[in-house]
Structures are given as C-alpha cells and as structure tokens.
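Enquirer: show me the folded form of this:
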Amino acid sequence: MIDRVKFRLKASGKIQVDYQLVIDGKRVRVRSEVPSAQVTPAAKKAVAKGRDPSPNSATYRWAMGNAQRQVQKRLGGSKPQKKAREAKPKPAKGMTLKKFIDQHLESYWMQIQAKPATRARHVCALNRHHLPALGDMPLESITRGVLAAHQANVAKRMKGRSGGEAKPSSVNISMVVLMTMLRYAVDLELIAHVPMLRRMKSKPVKRAKRYSDEELDRFLGEIERQGNPHVLLGALLGCDQGMRCAEIVTLERQDVDFKRQEITIKRGLSMDKPGSTKTGNERTIPMTDRVAQALRAAPTSVVVPQVIWRIGRKGRQERYTARRLYEAFMAAQDAVGLKLRGTHILRHTCASRLADRGASQAQIACYLGQVKATTADIYTHVSADGVRGLLDRELGKNLAKFPRGLENR
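Expert: Purely as a prediction, here's the structure:
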C-alpha cells in the first residue's frame, strides 16, 4: 500500500521521489530518481515551489507506476533480484480493452484523486463510445489507424444537445478519456507506447458572456408570465445563488434554512441520478430575499423531497430532470429573443454581478463552489456600468460622464 509520496528537487536538478510504503503492516521508505525523459518543465517548476506535479503529468504518472512496482517487488519476499524478475507475473498478451478497464480503472482514479464528475465523465465516454466498439480488441492491436477510424465513427454517432451534429470539441473530450487510459497502460508496462492521434479541428470558442440587468429582467419576466413557480424558482437559484443546473434539480427542502436565510448545497447529478456535487464538497451560501420568497411561494410535495418538482404523465409527482429544466429555460430565452441561451449562462451572470459589486475572486469562488480561486475568472465578465458603480462607492466621485463603450475595446 502507498502511504505517502513526496517530491524533492535535488541540487543536481533531478527530481527525487520519497515513498513511504506499508507492506505486511510495516512501513518501508524508498527513494527513486525520476528519469530525465519523464521530467517535464511544468513538473520541475512545481516541485521547486514545494508542490506536487500535476496528476496528468508524465512525472507524476511515472512516480505512481514506480510505487506500484516497488510494492510488487517487496511483496515477492527476499529472493534474489534475478529470481524475483523471473517470478514477476508478466502481463498476458492479448488483454482486451474491456478487461483492462475492469481491472485498472479504479486504481487510476485513486492515483489522480478523481472527482465524482471526472469519474462520471469517464464512465459515460467508455460505456457509450469506446467499449462497444473497441472493448474486445487487444490493447496492442489498437493502432493509429484504428484510433483514427474510431474517432471518425464517434463523430458520426455523437449528437449535440439540440439533436444535430456534435461539436469537434465534444469528440475530442471523449477521445481524451480513451487516450488517457492507454497512457496508463503504458505506465503499467502493458503496452510499449500510445499511438499518436490528431485532435479534430474546432472553431475558436469565445468566452461565455453574461446577461445584462435588462436581459435578466426580460428572461425572469417571461418565466413568471408562463406561470410555473418551480421553473421560476430554478431560474432564481441560478442567477441569484449561482447554482449549477444539477444542484438546482437536486436541492431538497431540508437543505434550506429560512431562519438563518442560508442554503446548503450537498448534491449534484452523477449519470443523471442524485449524487455528490461536481467538486465533491458541500457549501453553505446566504439566500437572497427573492429566492426565499420564491421558495415559500412554490408548492411543496409530500412525495418528492426536492424543492423543484412536476406532475408527470400519469399524474404522479416527480422531480425535475436537468434536461426538462434546460428545455424550459430555452423556451423562455427564445420567446424574448436572447442570443445567450441555456442554464449555465445564469451562473456566469451571478458571478459577474458579484464582481460588479466589488466581490473578490476568492469570495466569488467560495460562493460558486470552485476549488481554485482562479477558476472564478472564467465566470466573471465585468460591465462598464458595474465598474462605474464600484468607483462611485469606493472613491466617492461623480463618474456620470465616465466614457461608455470601453468594454468593447
């Protein structure tokens, strides 16, 4: 068992890995040097600053693979090295992709400390696209040509959210899961190398924007006009509380504290079923007045614990799915002529409104439930009106003649 792994940069510039292993109840300390071919500049820079390399880096993968080899070596007893090598079980030739996934997927997740959302993405991509097509194929038979043909087939079969052709970026994300597992097979010395594969070219993606106050009022007004209190509550949870769509549809009454005016976000979706949040962490955030008012006004179900529910075809009460909420938002956005559509735009709008009011990057990340404070920068799109209001408050100056249009420069 691997108890602890520590990276250290030696004076010679090489990276040394200090392992603490637990074998038969005893702690064993082992030191190894990472081969120069496996040392990346980013990993070297991280170790120099006292941090571990990225779990996806070649340095980290080699270190974890070496730790497993050290454990297997010591479990073989105190035999001579030559006999230990002969006794070491060699990987069976012809191991199929499905058998490899069944045996090693969990250990790979443990090594990279995969979040629940990452695990769900891996399972979805493998079960939908890769295992049905390549599951019975031996690992060594998956060549560059096989991967290229498989990538083309995935692009044909995959559908976008609107039912049309999927984006090249979606195909690339699915293929990255397969390539990552093949790299892990190389680390375990099951195959010699990973075949090269070119990513599909995609158009440069523009950064997601936000709704202005006027656009947000039009969107909320249209939902209110439709007369569905649960969809209105979902929209307010998105634009005021910054909750993800999966967190909105799994929010339960017991998670709402009206006395303290707080909401505790505990759940998300995993394979379209309630599970942990995207980051695996819970968070408690203050509740706005209009969200509290909408929660009190929304009808309560005695069957469904979620705050957002609907009447199904057979007259039964059931929770809203993420897909149904997405379709309800899209219908309202189309009705008022908004170009930016979907559910996640409300999360961007919430973060941007917080930034307009002077919230720091760390505060926004805490409110949105982001692991890194720098991630909040993706969600914040500060408007010129927000900058003007902040300067008015902080500097006490009249900036009514502040030049407009600077946000477009």
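Enquirer: all contacts plus neighbour counts: C-alpha atoms, from now on.
Expert: Fine.
Enquirer: A48: how many residues sit nearby?
Expert: 16 (other Cα atoms under 10 Å).
Enquirer: wait, L340
Expert: L340: 17 surrounding residues under other Cα under 10 Å.
Enquirer: which of the helices or strands spans it?
Expert: Take DSSP states H and E as the rule and L340 turns out to sit in neither a helix nor a strand.
Enquirer: may I have the phi/psi pair for the closest residue to R218 other than its chain neighbours?
Expert: Sequence neighbours aside, V336 is the residue nearest to R218 in space, at 6.7 Å (criterion: Cα to Cα, 6 or more residues apart in numbering). For V336, the backbone dihedrals are phi -100, psi 0 (criterion: degrees, to the nearest 10).
Enquirer: ok, V336 - contacts?
Expert: Neighbour list for V336: 218-219, 222 [criterion: Cα atoms under 8 Å, 6 or more residues apart in numbering].
Enquirer: same check, this time on A37
Expert: A37 touches nothing, counting by Cα under 8 Å, 6+ apart.
Enquirer: repeat the analysis, applying 10 Å as the threshold.
Expert: 58-59 (Cα atoms under 10 Å, 6 or more residues apart in numbering).
Enquirer: begin at 8 from here
Expert: Got it, first residue is 8 now, which makes that one A44.
Enquirer: so where do the helices sit in the stretch 258-407 of the chain?
Expert: Here the stretch 258-407 of the chain has its helices, by DSSP state H, counting those that start in this stretch, at 296-304, 329-342, 351-363, 368-375, 383-386, 391-402.
Enquirer: re the thing from before, for the residue nearest to R225, give me the pLDDT.
Expert: V343 carries a pLDDT value of 92.
Enquirer: distance of it from P236?
Expert: Note on V343: its distance to P236, by Cα to Cα, to the nearest Å, is 19 Å.
Enquirer: pLDDT below threshold where in the stretch 308-416 of the chain?
Expert: Filtered on pLDDT under 70, the stretch 308-416 of the chain yields the residue ranges 383, 386-416.
Enquirer: dump the contacts of V343 into TSV; add distance to Q261, neighbour count and pLDDT as well.
Expert: Below are these laid out as TSV (distance: Cα to Cα, whole Å; neighbours: other Cα atoms under 10 Å; pLDDT from 0 to 100):
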residue	distance to Q261	neighbour count	pLDDT
R225	31	18	93
F226	29	23	93
E229	29	18	93
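Enquirer: pick the one among those residues closest to S19.
Expert: Nearest to S19 out of those is F226 (Cα to Cα; 61.2 Å).
Enquirer: wait, that closest one sits on A335?
Expert: No: applying Cα atoms under 10 Å, one finds F226 not in contact with A335, separated by 11.4 Å.
Enquirer: hey, what's in contact with both of these two?
Expert: Shared contacts of F226 and A335, defined by Cα under 10 Å, 6+ apart, are found at 239, 242.
Enquirer: which parts of whatever helix or strand R225 lives in are buried?
Expert: In this structure, R225 sits in helix 220-233 according to DSSP H and E. For helix 220-233, the neighbour count (16 or more other Cα atoms under 10 Å) marks 222-223, 225-227, 229-230 as buried.
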